[in-house]
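Asks: give the three-dimensional model of this entry:
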Amino acid sequence: MLNARLKTVNRAINQIKTIGSFATSLIVLMLLLYTVIAGTGENIHSRLLNLGTNIWDDYIILRSDIARPSCNPSINIDNRLQELEKAFNSNDDDFDLFEETFDRDASRRSLKNQQAICIEQHKDYQTNLNNIDLYVITFRAFERSFAAVSLFAINQQHIVLVLLLLLSAGIATIQKHHISFRAITTQSDHRISTISQLIANSCLSLSAWSFHQGSVASGIEVINGEVNLLLMVGTAMLALINLYQLAAPPKELESGGSPLKAILSIPIYTFMLLAATHHFFISEGHIPGIAIYFTQLFQLTGLYLNIALYIWVGMLLKQTRLGERVFDIFKPWRLPPEILAFVAIVVMAVPTAYTGASGIIIIAMGVVVYSELRRVGTRRQLALAVTAMTGSSGVVLRPCLLVVGIAMLNKEVVTDDLFLWGGRVFMLTLLVFLFYAIITKKDPIRMAPVREALGPSLAHLIPLIPYAGIILIIMATYSMLLNAHLDEFSAPIILPVLVIALIVYERIFNKPNDSSCTSKGATVGSAIHESIRGSSVHIGALLMVMACSFAVGGILEQGGTGFDSPGSFSSPISTMIFLVVFLVFIGMIMDPFGALILVTSTAAPLAYNNGINPIHFWMTCLVAFELGYLSPPVSLNHLLTRQVVGSKEIELASQEGGHSFYYRHERFLLPLLVMSTTLILVAFGPLVV
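Replies: Numbers count the residues shown, from 1 in each chain. Modelled structure (predicted):
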């Protein structure tokens with residue numbers, strides 16, 4: 001009887017978990033779709049205004065009712081001048097220190113200007129009166145309603161971001177999928193990781209509550225104060241999830257475990273919050289400090305919503321066969337793994353330029369890159385190395401948002417110059433990668449003969465024609481109807497629609513005859529559901545790290561590390577040595593957008609004042625950031641790689657390489673060799689030439 005009741009309870013709990021998982025996935029989907037619709041709404045409203053102007057020349061006047069002007073367009077200027085002069089002369093002031101006379105010419109000019117404005121106002125009123133009809137009233141009602149809805153959607157973006165962040169963070173917490181140095185495998189891992197998260201989430205909630213109380217007590221209205229309230233409640237819910245996980249630990253975990261190893265299972269965001277807690281709570285005694293810096297994330301709401309959309313695009317792309325078909329083009333050539341890795345680096349630089357950060361592209365498309373490299377025979381260590389540095393070379397290319405942000409924050413540089421030199425740094429990075437790939441190759445470089453490979457390679461282009469057609473049709477539709485192009489501003493809005501169209505094509509019109517897509521959703525709905533499940537976890541994990549990096553930035557900004565930079569150096573080379581070390585360190589602990597703001601206010605002036613060319617400095621900065629993301633002890637890009645490919649693949653890769661130190665650790669060493677060499681050449685090359 002007891003066992004039967006336990007089974008019933010477990011069944012009920014599982015059903016609740018299933019329903020809860022479906023509900024949260026649905027909410028996340030609605031929030032992402034809301035973001036897409038809000039972004040599209042801006043373009044639609046702009047096109048409606050253009051359409052109205054094309055139909056009615058004076059639509060800007062007609063789109064709103066104009067009241068009859070109260071001024072008189074037929075005023076007698078001479079009579080009015082006499083009235084003004086009389087009033088001026090009768091205004092006796094015993095305290096006048098200067099003798100003044102009425103300026104009749106200036107007054108006449110002023111009256112004529114007023115009369116011209118009045119005539120124009122009456123003209124607009126008459127135009128409005130004569131041309132308003134049922135068609136105008138109907139069209140402008142629709143246009144103005146759409147404008148109101150679009151404006152409302154834009155104004156609510158901060159609410160959407162905080163809900164998306166907290167819901168996704170909750171999913172990542174439940175699934176134990178936050179970014180950490182190692183996965184949770186033992187009971188000790190689970191206990192230490194969960195307790196740390198409980199303390200960190202509770203402290204963040206307390207900080208948000210203190211921030212809110214202080215704002216209320218000061219009587220000063222805080223902009224977007226509801227964000228702080230949601231943060232307080234949301235992080236408290238995360239703490240409750242941690243409490244439940246402590247009370248009901250998973251039974252499938254191994255017993256025991258090393259406490260020292262368990263520390264490595266604590267999520268990165270938790271380490272950041274604990275460090276911020278020590279600084280603001282204990283050292284500074286400033287409880288609201290964490291929340292103040294954490295909520296800086298919402299000053300760049302649109303940017304981080306775009307990051308969430310890019311992650312969703314990557315998860316959607318995972319549900320298609322596009323990556324497989326692209327890599328099929330190279331398969332007949334039987335390229336050596338190192339050359340194929342070079343091709344993958346080149347191909348992935350383009351999407352990185354749109355997303356603006358290598359970490360985002362790893363989350364979004366890393367699993368596609370790794371899977372396809374493995375499918376054509378690339379060894380695991382090399383495939384992991386390429387996945388980790390998938391986008392490291394693309395952050396300097398047009399139209400990278402990070403480069404645009406540099407130009408916005410620093411008047412010393414402009415985007416054209418940055419992108420010009422960025423293209424050269426990109427080519428340098430490719431050459432360095434190719435150099436190391438060739439000298440570390442395992443086998444001689446042999447390729448299939450052209451006569452043998454060309455035909456099959458071209459044949460593999462044929463299945464890509466429908467994909468190209470769909471992409472062109474959607475891009476042309478957005479361009480013609482909404483005047484939106486696939487640039488850094490519209491890409492996050494267009495790409496989800498584009499990839500969903502590819503999924504529809506594959507699931508309805510081009511179903512595969514083999515079982516190669518068994519891991520993908522069989523229908524359009526299931527494919528989108530699978531993409532949302534993957535997106536939710538990765539969005540929560542990545543955005544929590546990005547938000548908490550602002551708190552770490554607050555510690556650095558206030559000198560909480562005891563780190564002070566000297567004001568001047570003996571030479572530009574010594575300055576650059578200091579800057580390189582500092583920038584790599586920043587890249588190890590902060591996300592690129594938060595780091596950009598910090599570097600702009602600290603390291604950039606130091607570089608300029610010590611003779612470093614601004615463009616040279618920022619090219620060095622971008623490369624140093626990427627080296628930081630690949631460098632121990634944090635190695636964020638490697639952690640993200642493990643996040644998307646799975647711990648099992650990492651374990652299998654660690655068993656490869658035999659007795660060679662390099663090949664056993666190639667996934668770490670190759671990216672470090674490539675990016676450190678590139679950094680040395682970029683940082684010091686211009687100074688010694």
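Asks: which parts of the stretch 351-500 of the chain are helices?
Replies: 358-375, 380-388, 401-409, 415-439, 450-459, 464-482, 491-504 (DSSP state H, counting those that start in this stretch).
Asks: make a markdown table out of those and add mean pLDDT.
Replies: Below are those laid out as a markdown table (pLDDT from 0 to 100):
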| stretch | mean pLDDT |
| --- | --- |
| helix 358-375 | 83 |
| helix 380-388 | 94 |
| helix 401-409 | 86 |
| helix 415-439 | 94 |
| helix 450-459 | 93 |
| helix 464-482 | 93 |
| helix 491-504 | 91 |
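Asks: and those helices: which comes nearest Leu32?
Replies: Of all those, helix 491-504 sits nearest to Leu32, with 7.4 Å by CB to CB. Where C-beta positions appear, they are placed from N, C-alpha and C, glycine not excepted.
Asks: from the chain's centre, how far out does the closest one sit?
Replies: Computed by CA atoms, centre = their mean, to the nearest Å, the chain-centroid distance of helix 491-504 equals 17 Å.
Asks: coming back round to it: which one of the helices of the stretch 351-500 of the chain lies closest to Ile241?
Replies: Comparison of those against Ile241 by CB to CB identifies helix 358-375 as nearest, at 22.2 Å.
Asks: remind me what the closest one packs against, helices and strands.
Replies: With contacts defined as 3 or more CB pairs under 8 Å, 6 or more residues apart in numbering; DSSP states H and E, helix 358-375 has these neighbours: helix 301-318, helix 322-328, helix 337-355, helix 380-388, helix 524-557, helix 614-630, helix 636-645.
Asks: among those helices, which is nearest Ser205?
Replies: Evaluated over these, closeness to Ser205 peaks at helix 524-557, with 13.7 Å, by CB to CB.
Asks: what angle do the closest one and helix 358-375 make?
Replies: For helix 524-557 against helix 358-375, the angle by axes from the mean of the first three to the mean of the last three CA atoms, to 10 degrees is 130 degrees.
Asks: give the rounded mean pLDDT of helix 524-557.
Replies: The pLDDT scores in helix 524-557 average 90.
Asks: pick the most buried one from the helices of the stretch 351-500 of the chain.
Replies: Ranked by mean neighbour count, these are led by helix 380-388 with a mean of 27 (mean count of other CB atoms under 10 Å).
Asks: re the thing from before, how about the helices of the stretch 351-500 of the chain in a markdown table, adding distance to Asn613?
Replies: Output for the helices of the stretch 351-500 of the chain, formatted as a markdown table (distance: least, CB to CB, whole Å):
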| stretch | distance to Asn613 |
| --- | --- |
| helix 358-375 | 25 |
| helix 380-388 | 30 |
| helix 401-409 | 14 |
| helix 415-439 | 10 |
| helix 450-459 | 44 |
| helix 464-482 | 38 |
| helix 491-504 | 31 |
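Asks: right, so of those, which gets closest to Val599?
Replies: Within the helices of the stretch 351-500 of the chain, the stretch nearest Val599 is helix 401-409; the backing value is 9.2 Å (CB to CB).
Asks: quick check: which element contains Lys112?
Replies: In the assignment (DSSP states H and E), Lys112 maps to helix 104-131.
Asks: which of the helices and strands packed on helix 358-375 sits most buried?
Replies: By mean count of other CB under 10 Å, the helices and strands packed on helix 358-375 have helix 380-388 as the most buried, with a mean of 27.
Asks: packing partners for that one?
Replies: Helix 380-388 packs on helix 337-355, helix 358-375, helix 636-645, helix 647-654, helix 666-688, going by 3+ CB pairs under 8 Å, 6+ apart.
Asks: so for Glu83, which of these sits nearest?
Replies: helix 337-355 (65.7 Å).
Asks: same for that closest one, what does it pack against?
Replies: Using 3+ CB pairs under 8 Å, 6+ apart, helix 337-355 sits against helix 301-318, helix 358-375, helix 380-388, helix 415-439.
Asks: before we move on, the earlier item: any chance of the helices and strands packed on helix 380-388 in JSON lines, with distance to Asn50 too?
Replies: Listed next are those as JSON lines, based on distance: least, CB to CB, whole Å:
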{"stretch": "helix 337-355", "distance to Asn50": "26"}
{"stretch": "helix 358-375", "distance to Asn50": "33"}
{"stretch": "helix 636-645", "distance to Asn50": "42"}
{"stretch": "helix 647-654", "distance to Asn50": "51"}
{"stretch": "helix 666-688", "distance to Asn50": "44"}
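Asks: one step back: list the buried ones in the helix holding Lys112?
Replies: 107, 111, 114-115, 118, 121-122, 124-125, 127-128 (16 or more other CB atoms under 10 Å).
Asks: circling back to that earlier point, how about the helices and strands packed on helix 337-355 in CSV, adding distance to Ala87?
Replies: Output for those, formatted as CSV (distance: least, CB to CB, whole Å):
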stretch, distance to Ala87
helix 301-318, 55
helix 358-375, 68
helix 380-388, 81
helix 415-439, 57
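Asks: out of the helices and strands packed on helix 380-388, which is closest to Phe489?
Replies: Among those, helix 337-355 comes nearest to Phe489, with 10.2 Å by CB to CB.
Asks: give me the angle between the closest one and helix 380-388.
Replies: Helix 337-355 runs at 20 degrees relative to helix 380-388, counting by the same axes, to 10 degrees.
Asks: please name the nearest non-neighbouring residue to Trp56.
Replies: Of all residues not flanking Trp56 in the chain, Leu62 sits nearest, at 5.7 Å (CB to CB, 6 or more residues apart in numbering).
Asks: again with Ser168
Replies: Gly540 (3.1 Å).
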